[in-house]
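Student: Sharing a sequence plus its predicted fold:
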Amino acid sequence: MVDPTRKVKRHVRIWMNNPLRFAGETFYQSSYGRDTASGLEYTGLQVVTNRSWRIPYLACMMTSFGMLAQFWLVLVRFLKRRESEQHPESKAGKSTHSTGRSQRSRIRREARQLAASGAPPSKWREWLFPVVVVAVCALWLMGKAYQPGPKPGQMDFVAFGRLPVMYEGRVKPFDTLARNSLRIISDKQTVKDEHGKAIPATQWLLDVITDNDAAMNYQIFRIHNLDVLEILGL
């Protein structure tokens with residue numbers, strides 16, 4: 001990079017997710033490939049000027065202020081309601097200041113009875129339902145996150161999915177490559193074999209790149225036009 005006006009002359013490396021920011025402009029890698037004729041690798045660069053870079057910071061500040069204001073309003077409302085529930089006698093006295101003596105006596109008597117009765121017997125139901133919901137959600141997440149180990153003599157597809165691979169100028173795990181490829185083909189992350197059993201994306205990718213006979217029976221492609229089925233004789 002050479003800029004005589006700023007007395008800059010140095011070597012700069014630009015690669016994926018590591019752009020060069022200089023003089024208000026951003027130089028980033030937009031493409032990568034290999035020339036078929038010469039076999040040399042090439043990189044395409046793109047220059048972007050972001051004049052509205054302050055807007056995301058302003059939006060974050062406005063969002064934070066709105067969340068704090070909303071939290072404060074809800075907290076104040078909750079504290080007022082809790083205070084009125086803990087002191088129903090004083091609230092009843094303020095609201096019935098202009099009523100008759102008999103009505104005030106009845107309200108005070110009911111307030112004393114409510115205070116003396118204590119917590120209702122069904123109070124455990126107030127915390128039991130949220131606890132059950134949280135426990136069910138936690139078990140569901142644990143079930144989704146759990147990945148059983150391979151059976152004896154079976155390939156460990158989970159470990160293979162963590163291996164890195166270079167694809168379109170980016171280093172990514174095999175599992176990510178397999179899932180993205182399936183999304184492009186069928187809008188799904190798993191496939192089904194001829195028996196209707198779900199097959200992980202990593203296993204599908206391995207069967208395809210190794211030319212396994214089982215890959216021909218996977219239900220992958222989604223056909224929207226029924227005329228295609230008629231042409232294929234299906």
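Tutor: Perfect, thanks for sending it.
Student: Now do the strands in the chain.
Tutor: 2-3, 8-9, 20-22, 25-34, 41-49, 164-167, 170-173, 191-192, 198-199 (DSSP state E).
Student: Out of these, the one nearest Q86 is which?
Tutor: Q86 lies closest to strand 198-199 among these, at 54.7 Å (Cβ to Cβ). No exception for glycine: its C-beta is placed from N, CA and C like everyone else's.
Student: which other helices and strands contact the closest one?
Tutor: strand 191-192 (3 or more Cβ pairs under 8 Å, 6 or more residues apart in numbering; DSSP states H and E).
Student: I'd like the average pLDDT over the strand it packs on.
Tutor: In this model, strand 191-192 has a mean pLDDT of 80.
Student: next one: it to chain centre, how far?
Tutor: 24 Å (Cα atoms, centre = their mean, to the nearest Å).
Student: Per-residue pLDDT of the residue positioned nearest the centre of the chain, please?
Tutor: The centroid of the chain falls nearest to L141 when counting by Cα atoms, centre = their mean (13.4 Å). Looking at L141, its pLDDT is 80.
Student: before we move on, what about Y167?
Tutor: pLDDT at Y167 comes out at 79.
Student: Likewise for P19?
Tutor: The model's pLDDT for P19 equals 87.
Student: need the contact list for the residue nearest to G161 when sequence neighbours are not counted.
Tutor: Distances taken as Cβ to Cβ, 6 or more residues apart in numbering put D175 closest to G161, at 3.2 Å, once the chain neighbours are dropped. Counting by Cβ atoms under 8 Å, 6 or more residues apart in numbering, D175 touches G161, R162, A201, T202.
Student: tell me the contacts of the last one?
Tutor: For T202, the contacting residues are F157, V158, F160, G161, F174, D175, A178, by Cβ under 8 Å, 6+ apart.
Student: Which among these count as buried?
Tutor: For these, a burial check counting by 16 or more other Cβ atoms under 10 Å picks out F157, F160, G161, F174, D175, A178.
Student: M1: which of those residues is nearest?
Tutor: Among these, and counting by Cβ to Cβ, the member closest to M1 is F174, at 36.1 Å.
Student: Just name the shakiest helix or strand of the chain by mean pLDDT.
Tutor: Here the helix or strand of the chain ranked lowest by mean pLDDT, DSSP states H and E is helix 88-95, holding a mean of 54.
Student: Mind splitting this protein into its structural domains?
Tutor: 2-51, 52-111, 157-232 (automatic domain parsing).
Student: Any idea how many residues pack against the closest residue to L20 other than its chain neighbours?
Tutor: Spatial nearest neighbour of L20, chain neighbours left out: F27 (4.3 Å); criterion: Cβ to Cβ, 6+ apart. If you count neighbours by other Cβ atoms under 10 Å, F27 ends up with 16.
Student: wait, isn't F27 in contact with R13?
Tutor: No. Between F27 and R13 there is no contact under Cβ atoms under 8 Å: 11.2 Å.
Student: all helices for the protein, in order.
Tutor: Remark: helices assigned in the chain by DSSP state H are 54-86, 88-95, 101-117, 124-145, 157-161, 174-186, 201-209, 226-232.
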